[in-house]
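[1] Below: sequence and its predicted model.
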Amino acid sequence: MDRIRVASLQYFIRPVKTFVDFEAQVEALVETAADYKCHLVVFPEYFTVQLLTLGDVKRPILEQVRDLAAQRDRYLEVFTRLARQHQLYVVGGTIPVKDDGDNDTVYNEAYLFGPNGSVGVQGKLHMTRFETEDWKVSPRNKLRVFETSFGRMAIAICYDVEFPEIAREAAKLDAHILAVPSCTDDRQGFLRVKYCAHARAIENQMYVIQSHTVGSLPMVPAVHLNYGQAAILTPSDFPFSRDGILAEGNPNQEMMIIGELNLDTIAQSRTSGTVLPLLDSRRTREMVTDPEIVTL
């Protein structure tokens, strides 16, 4: 498949009264992506905190996050059904997940749902301070690259995109798409993710699809506010968008952005682009293996 259409969400997190309300919001968005003939739709990190409004929001956030993990099975059922029903791939944002052997250990995990009912999972590899200090969320330690009907892709969850090694390893394994589900509360945090996502697209000659939460849940600690802007980013070269931005939303508004990716163009750019950063990085590794310190 040479060309695919993708959608990325600026997901508005609003209070819900029942799980069915949450399911209806999700279903409407996946249906819309399918109506626009999309092959892939990306939901943002921690959009599932919306479900915390079903319980006692006055409890410590440490306890609430673990309660949210109890919703994983229903979450999996909804997204597995929607991906199969509409015959597309869905990066289902992230949800806290308890460790199989230790109920107190929680991870932040993104799921990739396939049109054939298959489900892949990528855990977050680096925790932000609020995840470590307030939510007590633990990091995973394995990068996965997913084989799909349109080629290979990887997922870097929010803060993970700020570590270049992750995207570079995925690109070396021939991933042409990087999904970046994100949740940031202020403009500074958003820009850290945005600028790093741009860099990953350029240095690895890959498409980067960034999704964000927008809106606010004043009653839920750590997501009192959200600042976000979804984007579909490209390398910076002649065959691509002038500014390296295929599509982007209006900041902090509920919306879906859609763009068409040419996967042949990505493959060609890696061998015949104006510059070849992915190919040339092999020489860089050799030069920095044993750096020299010079005193002046």
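    All right, it came through fine. Numbering: from 1, shown residues only.

[2] Name the residues that touch the helix or strand of the chain with the lowest mean pLDDT?
    One helix or strand of the chain scores below all others by mean pLDDT, DSSP states H and E: helix 277-288, with a mean of 80. For helix 277-288, the external contacting residues (Cβ atoms under 8 Å, 6 or more residues apart in numbering) are R168, A171, K172, I202, E203, N204, Q205, R270, T271. C-betas here are computed from N, CA, C, even on glycine.

[3] what helix or strand does P115 sit in?
    Using DSSP states H and E, P115 is not contained in any helix or strand.

[4] Provide a list of residues in contact with it.
    Shown in contact with P115 (Cβ under 8 Å, 6+ apart): A83, R84, H86, Q87, L88, Y89, S149.

[5] From T184, how far out is it?
    Going from P115 to T184 by Cβ to Cβ, to the nearest Å gives 30 Å.

[6] what do you get for H212?
    Using Cβ to Cβ, H212 is found at 7 Å from T184.

[7] Leaving out chain neighbours, which residue sits closest to E169?
    Using Cβ to Cβ, 6 or more residues apart in numbering and skipping residues adjacent in sequence, the residue nearest E169 is L143, 5.9 Å away.

[8] Tell me the gap between the host helix or strand of D73 and the middle of its chain.
    Assigned by DSSP H and E, D73 belongs to helix 72-86. Distance of helix 72-86 from the chain centroid (Cα atoms, centre = their mean, to the nearest Å) equals 18 Å.

[9] residues making contact with that helix?
    If you take Cβ under 8 Å, 6+ apart as the criterion, helix 72-86 is touched by 19, 23, 26-27, 30-31, 33-34, 48, 89-90, 92, 95-97, 111, 113-117, 119.

[10] From the residues you listed, keep the buried residues only.
    Listed as buried from these are 23, 26-27, 30, 33-34, 48, 89-90, 92, 95-97, 111, 113-115; burial here means 16 or more other Cβ atoms under 10 Å.

[11] now the one helix or strand R168 maps to against helix 277-288, angle please.
    Counting by DSSP H and E, the element that carries R168 is helix 164-172. Relative orientation of helix 164-172 versus helix 277-288 (axes from the mean of the first three to the mean of the last three Cα atoms, to 10 degrees): 130 degrees.

[12] Output the contacting helices and strands for helix 164-172.
    On a contact count with 3 or more Cβ pairs under 8 Å, 6 or more residues apart in numbering; DSSP states H and E, helix 164-172 meets strand 151-155, helix 187-204, helix 277-288.

[13] Let me see the ranges of the strands in this structure.
    For the chain, the strands defined by DSSP state E occupy 3-12, 40-43, 89-98, 106-113, 119-123, 137-138, 145-148, 151-155, 175-182, 207-214, 231-233, 245-248, 255-262.

[14] most packed of these?
    strand 207-214 (a mean of 29; mean count of other Cβ atoms under 10 Å).

[15] okay, it in PDB with CA atoms only?
    Extracted in PDB, the C-alpha atoms of strand 207-214 (Å, rounded to 0.1, in the frame of the first residue of the first chain):
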ATOM      1  CA  TYR A 207       6.100  10.700   9.100                       C
ATOM      2  CA  VAL A 208       5.300  11.600  12.700                       C
ATOM      3  CA  ILE A 209       1.600  11.700  13.800                       C
ATOM      4  CA  GLN A 210       1.100  13.700  17.000                       C
ATOM      5  CA  SER A 211      -2.200  13.600  18.900                       C
ATOM      6  CA  HIS A 212      -3.200  15.700  21.900                       C
ATOM      7  CA  THR A 213      -5.800  16.000  24.700                       C
ATOM      8  CA  VAL A 214      -7.600  19.400  24.900                       C
END
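
[16] That's all I had, so thanks and see you.
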